[in-house]
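> Fold the following for me, if possible:
(chains A and B)
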Amino acid sequence: MQDKKRSAVITGMGIICATGNKVGEFLSSLKEGRRGIREITLFDCAGYPSNIAAQIKGYDPLDFFDKRELRRLSRVDQFVLIAAEEALADADLSRNGEHVGVCLGAGAGGMLSAEIYHRQLLDGKRPRPSLLLPFVPSYATDRLAERYNLEGPRTTITTACSSSASSIAYGAELIRWGEADVMVCGGGEALSELTFGGFCSLKIMDPFPCRPFDARRQGLSLGEGAAVLILEEKVRAQGRGARIYGELLGYSLGGEAFHITAPEETGREEARIMREAIQDAGIKPHEVAYINAHGTGTVLNDQVETLAIKEVWGADAYHLPVSSTKSMIGHCLGAAGGLEAAASLLAMRHHFIPPTAGFEQGDEVCDLDYCPQAREAEIEIALSNSFAFGGNCTALIFGKEGL
Amino acid sequence: MEAVAITGLGVVSPLGIGKEEFWQGLIEGRNGIEEITVFDTAPLRSKKGALAKGFNPKAFIPPLKIRRLDRASQFAIAASKMALEDAGLTINKDVPPERIGIILGSGFCGAVNAEAFHRGQIVKGPGDLNPMLFPNTVPNAAASNASIELGIKGPNSTVVQSFCTAEAAFLFACQQLIAHKADVIVTGGVDELSAILYRGWSELRLTAWDAGDGERSAPYDLKRNGFIPGEGAGIMILEREADALRRRARIYGQVLAFAFAGGAAHPGEKVARAIAGALKRGGMKTIDFIDGAGNSSPLLDAAESEGLRLALVDRYLDIPLSSFKSMLGEGIASGGMRIVADLLILEQGVIPQTINYAYPDPCCRLRVVKEVLKACVRTILHTGISLDGTYTAMLLGRANGVS
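Got it, this is the predicted structure:
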């Protein structure tokens, strides 16, 4: 059933994040290196070592949904639907439900709603039980599919910070497999007190806006939002003259089998996973013109990721632009891989390298070209890394159409 | 489709530990459901659950590691070890770590640790957070902890798709094997009963309660009034059949065909579409047994019955059907234990009964197995149903060349 000729291209995109609630705004923020990390107003941060995140500001759900609809939608579900609306319109699909599936990645987005339930319960009140529904990560997937009557396969991937990157890989496989002609992929995240406190408890939250790869980095900044990408069978997309952002050339979804939170410190495992993706894409390492790094801003992640890149590219690593868009939009956990795939595709289409905003100076290990300012560049092939708790590593490789 | 074979089974269940105890419980019609004592159900209408019984983590995991692992991770490690042993596979010796993957469905998604961590945030405040709890709040904790403990470095993912969680993970695993992303994949479902989700379901009036006939999991019974939450792990080892035959492995069965359908409206029609899709792909004329998804919920069981009637037309009353959720409860990922049961049925030629089936429901006209039945079973139809809008149908059969 696996037809080698079938391939998945990206024909639509929708974005909401701290630096923009449309693809166009997101694109200009990437070009400008605009940072969305500011004081959190969503919950009280008193007592925590940090009070900042890439929260979406000035957001009024009533601009997008009516009150009746909102009763069933948590913050992350809203973000996913907003991005999906834009992506489906962008792809300009005639909605043929049966062959359109949904495969989203989810992080801890439903936690915010479950927290309200739990807090009220601990206060001795009787909370509304439907507050718990969004806690099940497939809830957003179902809301999206039901809103647009999409009747194809549904799957929700829950591997924390690599979830939505993996959703793109599996979505493409479902297309290759013939299970669907179109897959709606990506994912969402909403800030929550639990994840915020959780990263604080691990002492990897930077009190300042995160500075990936910089010598002064102290940890990550969390973020929220959603990225939805429309994956479509290539021949079908070309046949209907769709605009094609790029093609998923290859991927790898590996495990490090090392530690629940820490990466394997030599970078050997991350290097292996990038190599597997390169091999899957049928390309050579030197053909990769840009790496959208996982680049969280923690001391360990950035060091290990840099070592892994050096292991794969050797001396060429110094000529390879590497940047972390988390410097602008924070670490959006369940949405991170989707947002970073979108950033990579936009970089290819609009001929530029998105910056690692705020990067000033590297250190002994982190001495690659981290692109503190956006710059013009022709990118034929880009690689996007997503690494997660549990050692779940996903590398995606995108290429321009017609490669 | 390149054939996928199942060569190893591992179980942690409300009927006992390991495939022998599990099978013995099934054919004796033992009820795995009892009053919950591990948390307080006094304020709730529902009181019962299907908790894993006789589980001693020390039999599978070094003592120092046990306290760092949540219960779901312990289940996943134990069942994966049993399954690999059953398959006669040793990582490094028989398969390189990079060529074995793990893709699990995990329904309760770290909920137990999330609740404990968030309770600490509220009760003790931000100054005194337990960093041990946070990493295991991620839904991929079970699969990833198992990958770390067992040394699995290939494709690593976790899936949640409402009550089709284990089925969705199983299909993802099949896809990765057929795409040659790995040579062996550990797959299935794992759940740990969560007090807060139990509470939510009871308040949403989705779970069974004592309305005069006792609190029972009674699939297809006229007096059923909800499902009974359960936990456990049902894990399978998958290989491409050609590889399994080459190494002369015992093959429990093979995946003959599967299909997805989506959409919350008209669920009976969607169930039928999934079944018809699987039958068409499998080119099947005969089904010897139906492993029903019926979970004692009034709507789900009726939708399944309608779907079977629509898809199988004149045959649906001839084919014996049983729902093991009558003994195992509904654990979101309980599909994993059900698939293990299916493979044991193919091996043993015995069909376990549906317990608590006392008053046939005219809306569920089916040939429900009330007494354990000896039969030559070559092909099984396994349905997966979530009324949130995901439906799967899978045909499992005896391996090629195995009579």
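
> now A:L122: how far from chain B?
6 Å (Cβ to the nearest Cβ, to the nearest Å). From N, CA and C alone the C-beta is placed, and that goes for glycine too.

> for that residue, what are its contacts?
Applying Cβ atoms under 8 Å, 6 or more residues apart in numbering or on different chains to A:L122 gives the contacts B:R119, B:I122, B:V123.

> Tell me which ones among those residues also neighbour chain A, please.
Filtering those for neighbours of chain A using Cβ under 8 Å from any Cβ of the partner chain leaves B:R119, B:I122, B:V123.

> count of neighbours near the closest residue to B:F22 other than its chain neighbours?
Nearest non-adjacent residue to B:F22, counting by Cβ to Cβ, 6 or more residues apart in numbering or on different chains: B:V11, 4.4 Å away. B:V11 has 32 neighbouring residues, counting by other Cβ atoms under 10 Å in any protein chain shown.

> these two touch, right, B:V11 and B:Q24?
No - here B:V11 does not reach B:Q24: they are 11.4 Å apart, not a contact under Cβ atoms under 8 Å.

> Next, the contact list for the residue in chain B positioned nearest to chain A, please.
Residue nearest to chain A within chain B (Cβ to the nearest Cβ): B:S144, separated by 2.4 Å. Counting by Cβ under 8 Å, 6+ apart, B:S144 makes contact with A:T159, A:G255, A:I260, A:F389, A:G390, A:G391, A:N392, B:V138, B:N156, B:T158.

> pLDDT score assigned to it?
We have a pLDDT of 97 for B:S144.

> Quickly find the element holding it.
helix B:141-150 (DSSP states H and E).

> Let me see the backbone angles for the residue of chain B most remote from its centre.
The C-alpha centroid of chain B is most remote from B:G127, which lies 39.8 Å away (Cα atoms, centre = their mean). Torsion angles at B:G127 (phi, psi; degrees, to the nearest 10) stand at phi -80, psi -20.

> show me the contacts for it.
So, once contact is read as Cβ under 8 Å, 6+ apart, B:G127 ends up touching A:G47.

> quick revisit: save the contacts of B:S144 as JSON lines, and put in secondary structure, distance to B:K47 and neighbour count too.
Listed next are the contacts of B:S144 as JSON lines, based on DSSP: H, G, I helix; E, B strand; the rest coil; distance: Cβ to Cβ, whole Å; neighbours: other Cβ atoms under 10 Å in any protein chain shown:
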{"residue": "A:T159", "secondary structure": "coil", "distance to B:K47": "35", "neighbour count": "35"}
{"residue": "A:G255", "secondary structure": "strand", "distance to B:K47": "39", "neighbour count": "31"}
{"residue": "A:I260", "secondary structure": "coil", "distance to B:K47": "34", "neighbour count": "19"}
{"residue": "A:F389", "secondary structure": "helix", "distance to B:K47": "35", "neighbour count": "24"}
{"residue": "A:G390", "secondary structure": "helix", "distance to B:K47": "35", "neighbour count": "33"}
{"residue": "A:G391", "secondary structure": "helix", "distance to B:K47": "39", "neighbour count": "30"}
{"residue": "A:N392", "secondary structure": "strand", "distance to B:K47": "37", "neighbour count": "31"}
{"residue": "B:V138", "secondary structure": "coil", "distance to B:K47": "30", "neighbour count": "31"}
{"residue": "B:N156", "secondary structure": "strand", "distance to B:K47": "38", "neighbour count": "33"}
{"residue": "B:T158", "secondary structure": "strand", "distance to B:K47": "30", "neighbour count": "33"}
